[in-house]
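Undergrad: next come a sequence and a model predicted from it.
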Amino acid sequence: MSSGWRRLCSAALLATALILLVPDKARAAPDVPVPPENLLSDRGRGEISDADRDFVVKVRLAGLWEIPAGEMAQQKSDSARIKRIGRNIADQHVALDELTRNAAKKLDIELPDEPNKDQKGWLAEMEEAEGAEFDDVYIDRLRAAHGKIFPAIATIRSSTRNDTVRKLAQQANQFVMTHMTLLESSGIVDFAALPTAPAPSAAAAAPTQVLSAAEDAPSSGANVPLVLAALAGGLAAGAFATRQLAGSRRPAYRSRRSRYYGG
């Protein structure tokens with residue numbers, strides 16, 4: 001086999017591996033960028049917080065109950081769509097679980113081997129349900145769980161100081177977004193029942209309050225001459241610039257639209 005064919009085959013195998021590892025990456029919308037994971041380091045470097053450790057544990061716990069839930073969907077649901085959703089989510093959690101265990105090993109984080117109490121309760125609900133009732137329980141429980149961990153992933157991704165946790169958070173984010181989309185494609189998610197987002201905090205108004213306080217603060221009499229001098233200088237500079245522009249006009253600069261590339 002020639003070296004050219006070997007390179008072509010290697011590239012094809014690598015592309016296939018990436019498609020299998022990253023959920024639905026090959027079917028991403030053409031105008032939606034996908035963050036390139038190869039730009040992130042993964043050397044276990046950086047301070048690791050209690051929140052980081054808790055995040056890694058929670059990702060592991062998610063797989064411990066969503067994998068058997070997906071397996072149950074193959075037996076208890078009468079819907080081909082629900083079975084496919086369950087199969088895809090379970091298979092993708094197997095891949096995510098491997099990433100999680102590798103990260104935990106690198107960071108010396110102890111992981112659980114079984115679901116927690118709440119997750120066991122959800123699995124018990126599914127065990128007792130059949131057909132359409134199973135579909136409702138399965139979709140409702142998984143969509144609610146993904147809705148809770150989604151903002152937690154964002155917090156860790158934006159705040160962690162550890163590169164391995166950062167990369168796992170980015171990977172988990174891709175899986176969770178895919179799973180939420182799959183669950184919602186069932187057509188039975190009750191969006192009206194989803195928890196309402198909290199109102200914006202008062203902290204968002206702080207900059208305006210600070211600015212208002214500065215504007216309302218009494219100015220010192222010694223500063224008045226300085227302000228007037230600065231104002232006069234600004235008016236003079238503006239008049240000079242106006243004369244210069246009037247004498248020599250230049251063609252307008254045409255800005256180019258920037259392009260965004262997916263990973």
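TA: Now that the structure is in, tell me what you want to look at.
Undergrad: now the helices for the stretch 1-150 of the chain?
TA: Assigned by DSSP state H, counting those that start in this stretch, the stretch 1-150 of the chain shows helices spanning 3-21, 50-76, 80-107, 117-128, 131-159.
Undergrad: same list, those helices, but as a markdown table with mean neighbour count please.
TA: Backbone N, C-alpha and C define where each C-beta goes, glycine included. Putting the helices of the stretch 1-150 of the chain into a markdown table (neighbours: other Cβ atoms under 10 Å) gives the following:
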| stretch | mean neighbour count |
| --- | --- |
| helix 3-21 | 11 |
| helix 50-76 | 20 |
| helix 80-107 | 18 |
| helix 117-128 | 14 |
| helix 131-159 | 18 |
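Undergrad: would you turn those into a markdown table with mean pLDDT and distance to Leu183?
TA: Supplementary listing: these in a markdown table, determined by pLDDT from 0 to 100; distance: least, Cβ to Cβ, whole Å:
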| stretch | mean pLDDT | distance to Leu183 |
| --- | --- | --- |
| helix 3-21 | 49 | 21 |
| helix 50-76 | 98 | 11 |
| helix 80-107 | 97 | 7 |
| helix 117-128 | 98 | 14 |
| helix 131-159 | 96 | 5 |
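Undergrad: pipe those into a markdown table and attach distance to Leu182 per row.
TA: Shown next, in a markdown table, are these (distance: least, Cβ to Cβ, whole Å):
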| stretch | distance to Leu182 |
| --- | --- |
| helix 3-21 | 16 |
| helix 50-76 | 11 |
| helix 80-107 | 5 |
| helix 117-128 | 17 |
| helix 131-159 | 9 |
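Undergrad: tell me the contacts of Asn102?
TA: The contact partners of Asn102, taken as Cβ atoms under 8 Å, 6 or more residues apart in numbering, number zero.
Undergrad: do you know how far it is from Arg161?
TA: For Asn102, the distance to Arg161 under the criterion Cβ to Cβ, to the nearest Å works out to 19 Å.
Undergrad: who are the contact partners of Ser158?
TA: Contacts for Ser158 (Cβ under 8 Å, 6+ apart) come out as none.
Undergrad: flag every buried residue along stretch 174-182.
TA: By neighbour count, and taking 16 or more other Cβ atoms under 10 Å as the criterion, the buried residues in stretch 174-182 are Gln174, Phe175, Val176, Thr178, His179, Met180, Leu182.
Undergrad: which SS class is the first one?
TA: So the one you mean is Gln174. helix (DSSP: H, G, I helix; E, B strand; the rest coil).
Undergrad: quick check: it vs Leu99, distance?
TA: The separation that Gln174 has from Leu99, given Cβ to Cβ, amounts to 11 Å.
Undergrad: go on, the fourth one?
TA: For Thr178, the distance to Leu99 under the criterion Cβ to Cβ works out to 14 Å.
Undergrad: and for Glu184, the neighbour number?
TA: Applying the criterion other Cβ atoms under 10 Å, we find 15 residues in the vicinity of Glu184.
Undergrad: from Pro200, how far off is Arg81?
TA: For Arg81 relative to Pro200 (Cβ to Cβ), the value is 37 Å.
Undergrad: check Glu110 too.
TA: To Pro200, Glu110 is 38 Å away according to Cβ to Cβ.
Undergrad: and what of Val57?
TA: As for Val57, its distance to Pro200 is 31 Å (criterion: Cβ to Cβ).
Undergrad: do the same with Ile89
TA: Taken as Cβ to Cβ, the spacing of Ile89 relative to Pro200 amounts to 33 Å.
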